[in-house]
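Participant: Kindly generate the corresponding structure for this input.
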Amino acid sequence: MNPMYRLLLWLFILTYTLFARYEAYPLQNCPAYNNLKHTKNTQNVILEREKTYTVLRKHKGQYLILVKGENPAQRWVDERCFGRNSREEKNSYDHSGEKGKAKSEDTILALSWHNAYCETHRHRKECKRSLFALGKGKYREKHFVLHGLWPQPRSRIYCDVDRELLQMDKHGQWQHLPCLVMDEALEARLEKVMPGYASDLHKHEWIKHGSCYGTDAAEYFEDAVSFTEQFNSSKVGRFFEQQIGKHVTLQQVRSIVDRTFGQGAGKRVELRCERGMITELWLHLGSGSDDLGRLLQRGKQTRSRCQGGIVDRAGFQR
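Facilitator: Numbering: from 1, shown residues only. Okay, here's the model as predicted:
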């Protein structure tokens with residue numbers, strides 16, 4: 001064989017090998033299966049978005065990859081796990097849910113009183129207090145925080161969600177749910193008003209409820225964060241800040257809501273209580289506006305089993 005031809009052939013083989021196999025970050029935490037049919041996953045392997053994996057080849061909408069330390073090491077994953085730009089950068093998974101359809105006409109904005117929540121969930125990441133934060137009056141200790149924005153009726157959950165993700169969510173494996181596409185500014189606002197972000201609550205809320213909202217994740221959380229901010233900056237938010245440590249009745253709450261957001265808005269507010277403490281407010285909202293007051297006016301009237309409770313102070317006391 002001509003030496004020059006042999007050199008060119010060797011360079012071709014080397015180039016093909018280099019480009020056929022490459023390292024990539026997964027876009028989401030996908031299960032890695034032993035076979036193309038996805039019937040077996042030895043050791044229940046889940047890809048980690050912080051790690052790179054060797055992609056061997058693509059076949060029928062799937063990638064064959066190497067998962068070091070596992071037996072078998074060669075695993076099959078869905079194409080969506082890596083996507084087009086996986087060679088260049090780590091991306092996020094944008095599950096659009098029912099995007100393109102109209103937004104939900106009736107929703108519940110569930111706001112938690114973080115201090116009371118932590119009295120009964122002391123092990124949660126978001127309830128661990130840092131010494132550096134003492135005396136600084138954390139936002140979460142003086143305001144309601146975002147639990148979720150829930151399309152109604154209550155049966156409207158998990159819209160077009162893959163079975164694997166649904167099972168992860170129902171088993172509390174929120175850390176393995178896909179990261180969500182949103183800009184840094186929105187993410188910072190979300191982390192502020194949703195302490196549960198530290199426990200991946202936002203991923204759970206998107207998979208279970210946001211997928212039925214009618215928008216993508218960014219717009220869903222933009223609405224949820226905006227409504228929370230509007231509530232906390234209102235006279236109602238300031239009222240609760242002034243009542244910390246005191247007992248507050250449902251009548252008082254509905255009265256201040258009426259004076260703030262318009263007559264009748266208070267009948268759309270429901271108190272949730274536990275162990276004598278107010279744990280949540282559920283605001284029943286209508287649609288067709290970005291203004292919280294108008295949405296409350298258009299929401300459905302509701303009853304409240306809880307008639308009042310303590311606005312708990314920060315720290316474990318009960």
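Participant: all strands of the protein, in order?
Facilitator: Secondary structure of the chain, counting by DSSP state E: strands at 22-24, 53-59, 62-66, 74-78, 107-113, 144-151, 247-249, 269-274, 277-285, 308-310.
Participant: Please report the distance of the closest residue to residue 255 other than its chain neighbours from residue 299.
Facilitator: Using Cβ to Cβ, 6 or more residues apart in numbering and skipping the chain neighbours, the partner closest in space to residue 255 is residue 266 (6.4 Å). For glycine as for every other residue, the C-beta is placed from the backbone atoms N, C-alpha and C. Distance of residue 266 to residue 299, given as Cβ to Cβ, to the nearest Å: 11 Å.
Participant: Pull up the overlap in contacts between the two.
Facilitator: Common contacts of residue 266 and residue 299, defined by Cβ atoms under 8 Å, 6 or more residues apart in numbering, are absent altogether.
Participant: which residue ranges form the helices in the stretch 51-200 of the chain?
Facilitator: 114-120, 139-142, 163-170, 184-193 (DSSP state H, counting those that start in this stretch).
Participant: and if you look at the stretch 201-318 of the chain?
Facilitator: 201-208, 217-232, 235-242, 250-261, 292-298.
Participant: If we go by neighbour counts, what in the last one is buried?
Facilitator: Buried positions in helix 292-298, judged by neighbour count with 16 or more other Cβ atoms under 10 Å: 292, 294-298.
Participant: Pop the domain breakdown of this structure in here.
Facilitator: 3-81, 107-310 (automatic domain parsing).
Participant: Contacts only, for residue 239.
Facilitator: residue 256.
Participant: Could you report the distance from it to residue 310?
Facilitator: Per Cβ to Cβ, residue 239 is found 15 Å from residue 310.
Participant: ok so, going back, out of the helices of the stretch 51-200 of the chain, nearest to residue 220?
Facilitator: Nearest to residue 220 among the helices of the stretch 51-200 of the chain is helix 184-193 (10.5 Å), distances taken as Cβ to Cβ.
Participant: Which elements pack onto the closest one?
Facilitator: Under the contact criterion of 3 or more Cβ pairs under 8 Å, 6 or more residues apart in numbering; DSSP states H and E, helix 184-193 touches strand 144-151, helix 217-232.
Participant: What lies in contact with the shortest one?
Facilitator: I take that to be strand 144-151. Residues outside strand 144-151 that contact it (Cβ under 8 Å, 6+ apart): 104, 106-114, 190, 193-196, 201, 205, 209-210, 212-214, 220, 223-225, 227-228, 231-232, 237, 240, 280-281.
Participant: go again using 7 Å as the cut-off
Facilitator: Contacts with strand 144-151, where a contact means Cβ atoms under 7 Å, 6 or more residues apart in numbering, come from 104, 107-114, 193-195, 205, 209, 212-213, 220, 223-225, 228, 231-232, 237, 240, 280-281.
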